[in-house]
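In: Sharing a model prediction with you, sequence too.
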Amino acid sequence: MKLSEYVDHDGVGLAGLVARGEVTVAELAATARLASDAVNPTVNAVVETWPAQDAPVPGSTPLAGVPFLIKDLAVAMAGRRVESGSRIAAGNVAGADSALMARFRRAGLVTLGRTATPEFAYSTTTEGVLYGATRNPWDPARSPGGSSGGSGAAVAAGIVPIAHATDAAGSIRVPAAANGLFGLKPTRGRISMGPDADEVFNGLAVHGALSRSVRDSAALLDLVHGPEAGDPYAAGRPELPYAEEVTRSPGSLRIGLLTRPWGGRAVDAAVVEATLRSARLAESLGHRVEEVRVDLGVGWEEFVLANARLWSTNLATWIDDLAAAFRRPVGPTTLEPETLAAYAYGQQVSGTEFVRALAMRNGVARAIGSYFTGHDLLLTPTLPELPVPLGTYAEGAEGADGLGRLRQLFHRSPFTAAFNVAGTPAMSVPLETDPATGLPIGVQFAAGHGREDLLFRLAGQLERAAPWARRTPAVWAGRHDGA
């Protein structure tokens, strides 16, 4: 199979070729490796590859035989390294599959490697010390976002059609926007975090995926959602498969429009205009769009402070455990300066401060939930600016403590974290590009608790009305048939 043919299909399309006997699982895996060889030296999205271990039965699932990559964090594949992008965990080998990895195997995916993440996923750019900076396929001088920036760059460059991702404050939606992809953050409890954790970042983090087509994300969520024994809670079971929802009409939805973020930072004019064009597209499809103000439930500084306390205390625990397991020091030889600052901040958080941070989570969830009693969806920019040049996050970061670090991250992505705190689903849809640069611009739609069905219906409608599949970045595997 030529690379130009390989990248012409999404995951469901490739699985269809396998089911019909037009290509074998082994041939697809070999082609994915060729794609990686062709573009990964430029984008540095994939940090390790390995031979295919699985041989799914053709046609056994909608994604059987599809090449796949997992993020170097939060999912464990037996016998393979999971280092969380950190020198303190370098060489860590998983002894067994995590629950989600077992589901990926049952889904028929053929996992061929792992993708880059910033250290402990603690950033919305992917510029770690352990493996170096990942580059945006649309402009290699720019960031691919994060923390799932490796997965985003790999999918956008055509290495695989879909890849694993996680999201604790926007880490699926940010790289989706930066790389021109579709990315949906599921409802809290939709996908199990087990067995080694009941929840991550106190429920702020979830598993998901980045894909070029809406139906790929829907098909994967169908195959991996649901609780494991011992999970503390679970999202309600969907009435229909999400893959079916993609083809259903959403009806006429009431959509709120918010272009000024919580915290009040300025939004680039190009991003505002792109969001307004998306609103007009939604109106042309029969939806009612109106400008709204959305109560966050707490002030912005209180929101940032409470998140900093939750994030840093969790991080400090992970670092202490890894330092003990590998007998490594906690210091500049094992951790990046920003991580060390967050670690020190987390050690100083008191028990009462931690409990008050959890109370913030409840306040935000109640306020966001109240908004969705009067509206079906909320439309915002995913990011307030175009993908930033590599190195931007380092500017002014010297000497920042853990609170200052998180304030900087939320300044860069002020529209996304509220839905992690509330536990509600949200998606970034690649509807727009910047006329001046050609860079992708994602718009975010958020829904009430458990309403991924509504998001998939709208996403399918938008994809049909304004298809993005033929937009390809500068670094694209499909241009390397001679590789």
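Out: Noted; the coordinates are in hand. Everything quoted here is computed from the prediction, not taken from an experiment.
In: show me what contacts the residue nearest to residue 335 when sequence neighbours are not counted?
Out: Sequence neighbours aside, residue 88 is the residue nearest to residue 335 in space, at 5.8 Å (criterion: CB to CB, 6 or more residues apart in numbering). C-beta here means a position set from N, CA and C on the backbone, and glycine is covered the same way. Applying CB atoms under 8 Å, 6 or more residues apart in numbering, we find residue 88 in contact with 319, 322-323, 326, 328, 330, 334-335.
In: Which pLDDT does the model give residue 88?
Out: If you check residue 88, the pLDDT there is 98.
In: follow-up on the earlier one: out of the contacts of residue 88, which are buried?
Out: The neighbour count (16 or more other CB atoms under 10 Å) marks 319, 322-323, 328, 330, 334-335 as buried among the contacts of residue 88.
In: one step back: just flag the most distant two among the contacts of residue 88.
Out: Spanning the widest gap among those are 326 and 335, at 12.5 Å by CB to CB.
In: before we move on, back to that, I'd guess the residue nearest to residue 335 is in a helix, am I close?
Out: Yes: under DSSP: H, G, I helix; E, B strand; the rest coil, residue 88 falls within a helix.
In: can you pull out the strands in the stretch 301-450 of the chain?
Out: 377-381, 426-433, 440-447 (DSSP state E, counting those that start in this stretch).
In: Isn't residue 149 up against residue 131?
Out: No: if you go by CB atoms under 8 Å, residue 149 and residue 131 don't touch, sitting 11.3 Å apart.
In: Overlap in contacts, these two.
Out: Contact criterion CB under 8 Å, 6+ apart; residues shared by residue 149 and residue 131: residue 116.
In: who has more neighbours, the two?
Out: residue 149 (37 against 20; other CB atoms under 10 Å).
In: neighbours around residue 435, how many?
Out: 10.
In: same check, this time on the one 3 residues further on
Out: A count of neighbours around residue 438, defined by other CB under 10 Å, yields 13.
In: Could you report the distance from it to residue 430?
Out: In this view, residue 438 and residue 430 are 13 Å apart by CB to CB, to the nearest Å.
In: can you tell me which of the contacts of residue 88 lies nearest to residue 74?
Out: Lowest distance from residue 74 to the contacts of residue 88 (CB to CB) belongs to residue 322, with 14.0 Å.
In: sorry, back to before: can you lay out the strands of the stretch 301-450 of the chain as CSV showing distance to residue 53, mean neighbour count and mean pLDDT?
Out: Output for the strands of the stretch 301-450 of the chain, formatted as CSV (distance: least, CB to CB, whole Å; neighbours: other CB atoms under 10 Å; pLDDT from 0 to 100):
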stretch, distance to residue 53, mean neighbour count, mean pLDDT
strand 377-381, 40, 26, 99
strand 426-433, 31, 26, 98
strand 440-447, 33, 27, 99
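In: will you turn those strands into TSV that also has distance to residue 368?
Out: Formatted as TSV, those follow (distance: least, CB to CB, whole Å):
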stretch	distance to residue 368
strand 377-381	9
strand 426-433	10
strand 440-447	8
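In: For residue 286, find the nearest of the ones you listed.
Out: strand 377-381 (13.5 Å).
In: Grab the most central residue of the chain for me.
Out: Per CA atoms, centre = their mean, the C-alpha nearest to the average position across the chain is that of residue 172, at 1.4 Å.
In: Just the element for the residue lying closest to that one once chain neighbours are set aside, please.
Out: Once flanking residues are discounted, residue 172 sits nearest to residue 183: 4.2 Å by CB to CB, 6+ apart. Assigned by DSSP states H and E, residue 183 belongs to strand 182-185.
In: May I have that strand exported as PDB, CA atoms only?
Out: Output of strand 182-185 as PDB, limited to C-alpha atoms (Å, rounded to 0.1, in the frame of the first residue of the first chain):
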ATOM      1  CA  PHE A 182     -11.200  16.300  16.000                       C
ATOM      2  CA  GLY A 183     -10.800  15.700  19.800                       C
ATOM      3  CA  LEU A 184     -13.600  14.900  22.300                       C
ATOM      4  CA  LYS A 185     -13.100  14.900  26.100                       C
END
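In: contacts for stretch 253-266?
Out: Stretch 253-266 is contacted by residues 267, 272, 275-276, 279, 282, 287-294, 296, 300, 303-304, 371, 374-381, 384, 410-411, 414-415, 418, 445, 454, 458 when judged by CB under 8 Å, 6+ apart.
In: Any of those residues buried? List them.
Out: Buried among the contacts of stretch 253-266 (16+ other CB under 10 Å): 267, 275-276, 279, 282, 287, 289, 294, 296, 300, 303-304, 371, 375-381, 384, 410, 414-415, 418, 445, 454, 458.
In: Filter those residues down to the ones in helices?
Out: 275-276, 279, 282, 300, 303-304, 371, 410, 418, 454, 458 (DSSP state H).
In: could these go into CSV alongside distance to residue 399?
Out: Listed next are these as CSV, based on distance: CB to CB, whole Å:
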residue, distance to residue 399
275, 35
276, 39
279, 41
282, 44
300, 23
303, 23
304, 18
371, 38
410, 18
418, 28
454, 45
458, 44
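In: and which of those is nearest residue 476?
Out: Comparing those against residue 476 with CB to CB places residue 275 closest, at 26.4 Å.
In: my guess is that closest one contacts residue 380, does it?
Out: Yes: counting by CB under 8 Å, residue 380 is a contact partner of residue 275 at 7.0 Å.
In: Can you check which residues contact both of the two?
Out: With contacts defined as CB under 8 Å, 6+ apart, the residues shared by residue 275 and residue 380 are 257, 259, 443.
In: What is the nearest of those to residue 214?
Out: Taking those together and measuring to residue 214 by CB to CB, the closest member is residue 443, at 13.8 Å.
In: if I pick residue 276, what's in contact with it?
Out: Contacts here follow CB under 8 Å, 6+ apart; on that basis residue 276 touches residue 259.
In: how about 10 Å then?
Out: 257, 259, 289, 379, 381, 432, 443 (CB atoms under 10 Å, 6 or more residues apart in numbering).
In: Residue 186: neighbouring residues, count only.
Out: Neighbour tally, residue 186, other CB under 10 Å: 27.
In: show me what contacts it?
Out: Here residue 186 is in contact with 167, 172, 206-209, 217, 221, 224-225, 235, 242, 423-427, 450, 452, 455 (CB under 10 Å, 6+ apart).
In: Apply 8 Å and report the result again.
Out: Applying CB under 8 Å, 6+ apart to residue 186 gives the contacts 206-208, 221, 225, 235, 425, 452.
In: Can you say which helix or strand has residue 15 in it?
Out: Per DSSP H and E: helix 11-19 holds residue 15.
In: name the helices or strands packed onto that helix?
Out: helix 25-43, helix 214-224 (3 or more CB pairs under 8 Å, 6 or more residues apart in numbering; DSSP states H and E).
In: same thing but at 10 Å, please
Out: helix 3-6, helix 25-43, strand 67-71, strand 162-167, strand 206-211, helix 214-224 (3 or more CB pairs under 10 Å, 6 or more residues apart in numbering; DSSP states H and E).
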